[in-house]
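J.: output the structure for:
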Amino acid sequence: MSQVHYFLAVAEELNFTRAAERCGVSQPSLTRAIKLLEHEFGGPLFHRERRNTHLTDLGRMVHPYLADIYAAASASRHLAREYARLDRTPLKLGIMCTIAPDEFIGLITAIRAEHPGIELQLCDDTAKRLRTRLIEGDLEVAIYASPGGEPDGRTHVLPLFRERMIMVVHPRHPRAGQGSVRIEEVNGERYVQRNNCEFIGFADAVLEEQGITPAYRSERDDWALAMVAAGLGFGILPANSAGHPGVVALPLVEPEFLREVGLVSVRGRPHSPAAGALVREAMRKKWFGRSALGVSPAPAERRHTV
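T.: Modelled structure (predicted):
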């Protein structure tokens, strides 16, 4: 690229001495660079006459191409500097589709305020598909809960918050006035299953023991809530996703289930400055009024964690 830069300077100045001064190099260094370029192209690029330096036919032919190459390289360097300074940096963040979106507004607002150059692209998906997309490089970071809490040596997790799983019922449900509910109390009742919930497969065996099988299945939490509000059955949702005027939320006990949501990246993979900024803001943020678990771990609890 230095050779191209020197060539374009000489082509504009039509004087090797002035071109060398403009490029901040000695004239012999510039002349050697031009000769190397001419050797590569197989012919002279300039007619070197005492007071009449000008482009050869070959020089005129290659000039527009070299000018385009140099302009593209300069633009690339500019983008790289912006990227390093977070002036213009894309970041693709995956978020588990069963997490209530309201809690992320604060994180997005903080990133926008502190790092306005980060171009944040949010992608929602199931925990399983987010993990696959993360490993394959389609996402740089993701926020999700691992079903069953099984370890994964390929990823690194910074815990953000724990969230209780609750039962939601119609306001006229016989147990709507209870302070809590045990799984055994809903023996044989109709169950509205959320297909994308990471809870599936982990607690299904507990439900099946009580004769509970899905009467309805839905890909969307809002539809599941609407069906519960219509009296079609009960549902099991994360506590912070159960906001609906037509349902009553009941804490599940015996057993009690929790899920731990974390910020996940690929272990050992270099990350962009934007990902580093996201991690810092996520660790500073209060999640449902509490510090991120990765900063201030919660006391150990004898509960099932999803």
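
J.: for stretch 56-70, buried residues please.
T.: Using 16 or more other C-beta atoms under 10 Å as the burial criterion, the residues of stretch 56-70 that qualify are 59, 62, 66. Glycine gets a C-beta too; all of them are placed from N, C-alpha and C.

J.: would you reformat those residues as a markdown table and include distance to Q121 and secondary structure?
T.: Output for the buried residues of stretch 56-70, formatted as a markdown table (distance: C-beta to C-beta, whole Å; DSSP: H, G, I helix; E, B strand; the rest coil):
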| residue | distance to Q121 | secondary structure |
| --- | --- | --- |
| G59 | 45 | helix |
| V62 | 40 | helix |
| L66 | 35 | helix |
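
J.: I95: which of the residues you listed is nearest?
T.: The nearest member of those to I95, counting by C-beta to C-beta, is L66 at 45.7 Å.

J.: the closest one touches F7, doesn't it?
T.: Yes - the criterion here is C-beta atoms under 8 Å, and L66 meets it with F7 at 6.0 Å.

J.: which one among the buried residues of stretch 56-70 gets closest to V253?
T.: Of all the buried residues of stretch 56-70, V253 sits closest to L66, with 74.0 Å by C-beta to C-beta.

J.: so who does the closest one touch?
T.: Residues near L66 by C-beta atoms under 8 Å, 6 or more residues apart in numbering: 4, 7-8.

J.: which residues of the stretch 1-150 of the chain score low on pLDDT?
T.: 79, 82-88, 147-150 (pLDDT under 70).

J.: switch the cut-off to 50
T.: The stretch 1-150 of the chain contains no residues with pLDDT under 50.

J.: just the strands in it please.
T.: 46-47, 54-55, 89-96, 118-125, 141-144 (DSSP state E, counting those that start in this stretch).

J.: out of these, flag the one nearest A72.
T.: A72 lies closest to strand 89-96 among those, at 19.2 Å (C-beta to C-beta).

J.: and the angle from that closest one to strand 118-125?
T.: Put simply, strand 89-96 runs at 20 degrees to strand 118-125, going by axes from the mean of the first three to the mean of the last three C-alpha atoms, to 10 degrees.

J.: for strand 89-96, buried residues please.
T.: So, applying 16+ other C-beta under 10 Å, buried residues of strand 89-96: 89, 91-96.

J.: related to what we said a few turns ago, need the buried residues of stretch 56-70 in a markdown table (columns: distance to I111).
T.: As requested, those are exported to a markdown table (distance: C-beta to C-beta, whole Å):
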| residue | distance to I111 |
| --- | --- |
| G59 | 50 |
| V62 | 45 |
| L66 | 40 |
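
J.: which elements pack onto the longest strand along the chain?
T.: As assigned by DSSP state E, the longest strand anywhere in the chain is strand 155-169. Counting contacts by 3 or more C-beta pairs under 8 Å, 6 or more residues apart in numbering; DSSP states H and E, strand 155-169 packs against helix 127-136, helix 221-229, strand 234-238, strand 248-253, strand 257-266, helix 273-284.

J.: now with 7 Å, please.
T.: If you count contacts as 3 or more C-beta pairs under 7 Å, 6 or more residues apart in numbering; DSSP states H and E, strand 155-169 packs onto helix 221-229, strand 234-238, strand 248-253, strand 257-266.

J.: tell me which of these sits most buried.
T.: strand 234-238 (a mean of 25; mean count of other C-beta atoms under 10 Å).

J.: quick one: that one to strand 89-96, angle?
T.: Going by the same axes, to 10 degrees, strand 234-238 makes 150 degrees with strand 89-96.

J.: identify the residues contacting strand 234-238?
T.: Residues outside strand 234-238 that contact it (C-beta atoms under 7 Å, 6 or more residues apart in numbering) are 98, 163, 165-169, 186, 189, 191-192, 194, 199, 221, 224-225, 228, 259.

J.: would you map out the domains in the protein?
T.: 2-84, 89-162+261-305, 163-258 (automatic domain parsing).

J.: list the beta-bridge partners for the residue most central in space within the chain.
T.: Centroid-nearest residue in the chain: L93, 1.5 Å away (criterion: C-alpha atoms, centre = their mean). Using DSSP bridges, the beta-bridge partners of L93 come out as L122, V141.

J.: tell me which residues touch it, please.
T.: Contacts of L93 (C-beta under 7 Å, 6+ apart): 120-122, 141-142, 278.

J.: now do 10 Å
T.: Counting by C-beta atoms under 10 Å, 6 or more residues apart in numbering, L93 touches 104, 107-108, 111, 118, 120-124, 130, 139-143, 263, 274-275, 278, 282.

J.: just the buried subset of those, written out for PyMOL, thanks.
T.: Command for PyMOL, covering only those of the contacts of L93 found buried under the criterion 16+ other C-beta under 10 Å:
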select buried, resi 104+107+108+111+118+120+124+130+139+140+141+142+143+263+274+275+278+282
